[in-house]
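Colleague: requesting a structural model of the entry that follows:
(chains A and B)
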Amino acid sequence: SQQGEEDPQALSIQEGENATMNCSYKTSINNLQWYRQNSGRGLVHLILIRSNEREKHSGRLRVTLDTSKKSSSLLITASRAADTASYFCATGLGFGNEKLTFGTGTRLTIIP
Amino acid sequence: GAGVSQSPSNKVTEKGKDVELRCDPISGHTALYWYRQSLGQGLEFLIYFQGNSAPDKSGLPSDRFSAERTGGSVSTLTIQRTQQEDSAVYLCASSPGTRLGYTFGSGTRLTVV
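Modeller: The predicted structure is shown next:
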């Protein structure tokens, strides 16, 4: 079963705009990660946030985590055509077990 | 190698045949994972190897599925008596165990006809 549910399922925005994707999960976690997938193949790790962190930045990416609401958001600022991809959140329990449970993904399309 | 290598990249097989999918993880990565992704869906966990520990097989959908990891490196996922519902992209990932985050291979697209 999917631990994470992304919202929206699909998002289309104009190039240069900001894109926000949300992820909700059900159980307590140690960390939450975001991945990008192009062309339905291998995923690329983007950013990780631990359960004791509230916000993290990496380049044009900003991730927030609200453990009280069991939710996270991924913000991509100043979007580019190359950001077109599917984005997945994944939750981990940590403590030596790195198995991740992935959400259903958000399909992001950047319109040039 | 520099990345996670999976072979074959594409496999078409007839219903009822057995298939073997191979994953060559990043050298030194102690953890190896298999997931599958059906068209337009999220990733479904299959199996997880961590060092010399017994693998976590909790995600294998039936006893037709098995996997092994030899010498703590290369892994093979075997599907016996394939069915059409086995058609999916099978993704392998590895991680070093000292930090979090996976490195994925490009996957094997399996089509059962």
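Colleague: for chain A, what lies in contact range of chain B?
Modeller: Counting by CB under 8 Å from any CB of the partner chain, the positions of chain A adjacent to chain B are A:2, A:31, A:33, A:35, A:40-45, A:48, A:88, A:90, A:92, A:94, A:96-105. Quick note: C-beta positions are derived from backbone N, CA and C, even for glycine.
Colleague: filter those residues down to the buried ones.
Modeller: A:2, A:31, A:33, A:35, A:41-43, A:45, A:48, A:88, A:90, A:92, A:98-105 (16 or more other CB atoms under 10 Å in any protein chain shown).
Colleague: among the residues you listed, which lie within strands?
Modeller: A:31, A:33, A:35, A:43, A:45, A:48, A:88, A:90, A:92, A:98-102 (DSSP state E).
Colleague: got a markdown table for those residues, with pLDDT too?
Modeller: Listed next are these as a markdown table, based on pLDDT from 0 to 100:
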| residue | pLDDT |
| --- | --- |
| A:Asn31 | 91 |
| A:Gln33 | 94 |
| A:Tyr35 | 96 |
| A:Leu43 | 93 |
| A:His45 | 94 |
| A:Leu48 | 92 |
| A:Phe88 | 95 |
| A:Ala90 | 94 |
| A:Gly92 | 89 |
| A:Glu98 | 77 |
| A:Lys99 | 84 |
| A:Leu100 | 90 |
| A:Thr101 | 91 |
| A:Phe102 | 92 |
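Colleague: dump those residues to a markdown table, plus distance to B:Gln6.
Modeller: As requested, these are arranged in a markdown table below (distance: CB to CB, whole Å):
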| residue | distance to B:Gln6 |
| --- | --- |
| A:Asn31 | 25 |
| A:Gln33 | 21 |
| A:Tyr35 | 17 |
| A:Leu43 | 13 |
| A:His45 | 17 |
| A:Leu48 | 23 |
| A:Phe88 | 18 |
| A:Ala90 | 19 |
| A:Gly92 | 22 |
| A:Glu98 | 19 |
| A:Lys99 | 19 |
| A:Leu100 | 18 |
| A:Thr101 | 21 |
| A:Phe102 | 18 |
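Colleague: tally of neighbours for the closest residue to B:Ala93 other than its chain neighbours?
Modeller: Excluding the flanking residues, the one nearest B:Ala93 by CB to CB, 6 or more residues apart in numbering or on different chains is B:Tyr102, at 3.9 Å. Number of residues near B:Tyr102 (other CB atoms under 10 Å in any protein chain shown) recorded here: 25.
Colleague: quick one: residues contacting B:Tyr102.
Modeller: If you count contacts by CB atoms under 8 Å, 6 or more residues apart in numbering or on different chains, B:Tyr102 has them with A:35, A:43, A:45, A:98, A:100, B:33, B:93-95.
Colleague: now, which of the residues you listed sits nearest B:Thr111?
Modeller: A:Leu43 (20.8 Å; CB to CB).
Colleague: measure the closest one to A:Asn30 for me?
Modeller: Applying CB to CB, to the nearest Å, the value for A:Leu43 to A:Asn30 is 20 Å.
Colleague: same check on B:Gly107?
Modeller: 27 Å.
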